[in-house]
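Visitor: Next input, structure requested:
(2 chains)
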Amino acid sequence: MSEVSVNTPKGHVEVKNFSLAYETIEGAVQAVTDTQIHVKPGEFVSIVGPSGCGKSTLLNAVAGFLKPTTGIVTVDGERVNGPSAERGMVFQQYSLFPWKTVRENVEFGLKMRGMPRSQRERAARTLLGLAGLEAFEKHYPERLSGGMKQRVGIVRALATGPKVLLLDEPFGALDAQTRVIMQQILTNMWQRLKISVLFVTHDIDEAIFLSDRVYCMTARPGSIKAEIPIPLERPRQQSMMMSSEFLALRRGLMSLIREESLKAMGGEISDMGLQGLNIELHGHSLADVI
Amino acid sequence: MPATALAEAGSAPAVVTPPTAPPSFGTLALRWYRLNRAGLRATAIGVISLLAFLLVWHLLTTYRVVFLVRFTNVPSPLAVYASFSKAIHDPKFLMHILLSCRRIFIGFSLAAIVGVPLGLIMGRFKLVHEIIFPVAEVLRPIPAIAWVPMAIMLWPTNEQSIVFITFLGSFFPILVNTLHGMSLVDPVLVRAAQCLGARERSIFREVYFPASLPHIFTGLTVGMGVAWVSLIAAEMISGQYGIGYFTWEAYSLVQYADIALGMIAIGVLGLGSSVLIRGAGRLVMPWSAK
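Guide: Next up is the predicted model:
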């Protein structure tokens, strides 16, 4: 267990002067531009923004899957050039290996590191126990619910003792109740393991509830529009989501995102134009009436 | 679960209680019947349909029906059965069958040993794909039978050319399906493996290969079918032994019952070999078991 419960916080993520452009036939398309973010060791940071703003692109660059066009990504001062087990990742799509049992999935990172079978089996069992999944160790992922799959995904990413955990809308496909439970589980694990977390979501409540700090991104080309510290005390309870403090933060973030979403959709929605209009269809199609 | 659902709905207080005494043989049999009803039905209908086929065959041949096709010389099922009971004690007939099986075994195994790895490598390395694919695409549409004259020129013995034809027949379906499987590997799984510390070779073994297995087995099943088609054609044209030769020889010697016997033997052998492959697939891919 020594590789998992490390008590000195580590995982200082720094993204400096970052931009990323895709090459297309019409020229370069800027996905993310002029972005600086950082995650302090042991900090929980979220990135929110309208869809298509490049928040996942940014996360994938931190993971090492994408190379920045300009700028640099470092973790604890070391430059990122490619994926590594130092930065565990949880994907929005369930990314468990269907041909491996739950335990074999969790063992995967340890196996890649060359840990002997009996040792990694024991480590995987312990971790699955922490996540309340020991009864399912021999199941294949196909038989698990969405929430369980994602719990295994998180445990798998944590098994190798990464410095940073990167999550790309991990709970987006889950129902509301499951999502709340998953947020609680993630918070617990984060507090126990004291690792840095960079969390991408479009759910504002989720971002506020989980994070120490939230970055809000602009519409494409994405850059950081605002950085909002979340001073809510921990441990956080579900009931906090009704507090005036939480709601104030929510209102602030909402209006920031709304502005950007409208920009992303190509300007103000023209519901003004419909105001004077009063159509009664009475079974006719709109084309008939107009 | 249904019990609590009922209670929550508040409709019926009568909660289903689990049986306390061990169920009697009668209830078990009834339950087994209820769970396997669909399968039993399919089996029963299958048996009836086979019997009906035999009956129609019997009637058509005993009354020597001539209507578009002529059943005048077609052997009746009883005649075929008689020649079957004779043939089964005839070492020559058994040798024909064994020789055909050996040719299939060698030709098909070679096709799998070459086709699967080649497909995997072509799917992973673009350059290999770019070099080999055009040649494969030109050769693929040529039916294995069209290779017979060329095969006789290429190989010193008849036996070798027949095995070569069998190999060719099964090679292309195996290669194409393996390639197809490789092209469908979920890139998220590859990325998941990468950020768990997997390097190229491990990714190949732990992700690409198992992810392609279902398609590889589709290729093997199709390949086995084509292997029999090619083998029988080759045996009829250039063979001295084998079940295809047996069938053709029966025609030349006016042994009409043996023609049907040869055909049925080919059918049974083909069916048996595809059952074997399906069984192997289930063994190798326990995660896809229903």
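Visitor: From now on I want contacts and neighbour counts done on CA atoms only, so please keep to that.
Guide: Will do.
Visitor: quick one: low-confidence ranges for the stretch 1-150 of chain A?
Guide: A:1-9 (pLDDT under 70).
Visitor: Could you show which parts of it are in contact with chain B?
Guide: A:63, A:65, A:83-91, A:93, A:95-100, A:108-109, A:112-113, A:140 (CA under 8 Å from any CA of the partner chain).
Visitor: Now with 10 Å, please.
Guide: Applying CA under 10 Å from any CA of the partner chain, one finds that the stretch 1-150 of chain A approaches chain B through A:63-65, A:82-101, A:105-113, A:139-143.
Visitor: and the residues you listed, which are buried?
Guide: Among the residues of the stretch 1-150 of chain A next to chain B, those classed as buried by 16 or more other CA atoms under 10 Å in any protein chain shown are A:63-65, A:83-101, A:105-112, A:140-142.
Visitor: moving C-terminal of the helix or strand harbouring B:Tyr33, what's the next helix or strand?
Guide: Per DSSP states H and E, B:Tyr33 falls inside helix B:25-35. Sequence-wise, the next helix or strand beyond helix B:25-35 is helix B:37-62, with elements assigned using DSSP H and E.
Visitor: Now do B:Phe164 against chain A, distance only.
Guide: Here B:Phe164 is placed at a distance of 35 Å from chain A (CA to the nearest CA, to the nearest Å).
Visitor: same question, B:Arg64
Guide: According to CA to the nearest CA, B:Arg64 and chain A sit 56 Å apart.
Visitor: I'd assumed that residue was in a strand, is it?
Guide: No - the assignment for B:Arg64 (DSSP: H, G, I helix; E, B strand; the rest coil) gives coil, which keeps it out of a strand.
Visitor: Would you mind naming what in chain B lies close to chain A?
Guide: B:186-199, B:202-203, B:206-207, B:210-211, B:213, B:285-288.
Visitor: Now, of those residues, which are buried?
Guide: When neighbours are counted using 16+ other CA under 10 Å, those contain these buried positions: B:189-198, B:203, B:206-207, B:210-211, B:213, B:287.
Visitor: now the strands for the chain?
Guide: Reading this off chain A. Secondary structure of chain A, counting by DSSP state E: strands at A:13-24, A:27-39, A:44-48, A:70-75, A:78-79, A:87-90, A:164-168, A:196-200, A:213-217, A:224-229.
Visitor: switch to chain B, that's the one I care about
Guide: Read by DSSP E, chain B holds these strands, from start to end of the chain: B:66-67, B:69-70.
Visitor: pLDDT value on A:Ile269, please?
Guide: Confidence at A:Ile269, expressed as pLDDT, is 53.
Visitor: my bad, should have said A:Met272
Guide: At A:Met272, the pLDDT recorded in the model is 51.
Visitor: before we move on, what about the one 5 residues further on?
Guide: Taken from the predicted model, the pLDDT recorded for A:Leu277 is 57.
Visitor: what's the answer for the one 10 residues further on, then?
Guide: If you check A:Ala287, the pLDDT there is 63.
Visitor: Restrict stretch A:167-179 to CA atoms and write it as CSV.
Guide: In CSV, the C-alpha atoms belonging to stretch A:167-179 read as follows (Å, rounded to 0.1, in the frame of the first residue of the first chain):
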residue,chain,number,x,y,z
LEU,A,167,-10.9,13.3,-15.0
ASP,A,168,-12.7,14.2,-18.2
GLU,A,169,-16.4,14.6,-17.4
PRO,A,170,-16.3,11.2,-15.6
PHE,A,171,-19.9,11.4,-14.3
GLY,A,172,-21.5,12.9,-17.4
ALA,A,173,-23.3,9.7,-18.4
LEU,A,174,-24.6,8.8,-14.9
ASP,A,175,-28.0,9.5,-13.5
ALA,A,176,-28.3,12.3,-10.9
GLN,A,177,-28.4,10.1,-7.7
THR,A,178,-25.4,8.0,-8.8
ARG,A,179,-23.5,11.1,-9.7
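Visitor: buried sites along it?
Guide: Buried residues in stretch A:167-179, counted by 16+ other CA under 10 Å: A:Leu167, A:Asp168, A:Glu169, A:Pro170, A:Phe171, A:Leu174, A:Arg179.
Visitor: does the first one really touch A:Leu58, like I thought?
Guide: Pointing back at A:Leu167 there. No - at 11.6 Å, A:Leu167 and A:Leu58 do not qualify as touching, with contact defined as CA atoms under 10 Å.
Visitor: Now list whatever residues contact both of the two.
Guide: Residues touching both A:Leu167 and A:Leu58 (CA atoms under 10 Å, 6 or more residues apart in numbering or on different chains) are A:Val200.
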